[in-house]
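*Asks:* generate a structure from the sequence data that follows.
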Amino acid sequence: MGRSAPPGDLRTHGRVLGRARCAQAWTFVREALAGDIADPQGGVRLRLRAGRPHITVSETG
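*Replies:* Numbers count the residues shown, from 1 in each chain. Just a heads-up that it's a prediction; the model follows:
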């Protein structure tokens, strides 16, 4: 994707894509968060919960 979006935009796009095209939605979310996960100040955590990806976004800053 190569661009950054505010957390609200990311959630909205992920939710809309998830309803229409689930596999593409997870691809979008993973690509959008790839740079954020490496962010030394934190803010995004990606882990598995019950066998499904679970994303936590910190709203601090």
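
*Asks:* tell me the bridge partners for residue 53.
*Replies:* residue 48 (DSSP bridges).

*Asks:* neighbours of it, just the number please.
*Replies:* 12 (other CB atoms under 10 Å). From N, CA and C alone the C-beta is placed, and that goes for glycine too.

*Asks:* i'd like the first residue to be 15 from this point on
*Replies:* Sure thing, new numbering starts at 15, so read that last one as residue 67.

*Asks:* these two touch, right, it and residue 39?
*Replies:* No - at 10.6 Å, residue 67 does not count as touching residue 39 under the criterion of CB atoms under 8 Å.

*Asks:* isn't residue 68 right up against residue 40?
*Replies:* No - counting by CB under 8 Å, residue 68 stays clear of residue 40, with 11.8 Å between them.

*Asks:* these two - which one has more neighbours?
*Replies:* Shown here are residue 68 and residue 40; by other CB under 10 Å, residue 40 has more neighbours (15 against 10).

*Asks:* now do residue 30 against residue 43, distance only.
*Replies:* Distance, residue 30 to residue 43, by CB to CB, to the nearest Å: 12 Å.

*Asks:* these two: who's more crowded?
*Replies:* For residue 30 versus residue 43, neighbours defined as other CB under 10 Å are more numerous around residue 43 (19 against 12).
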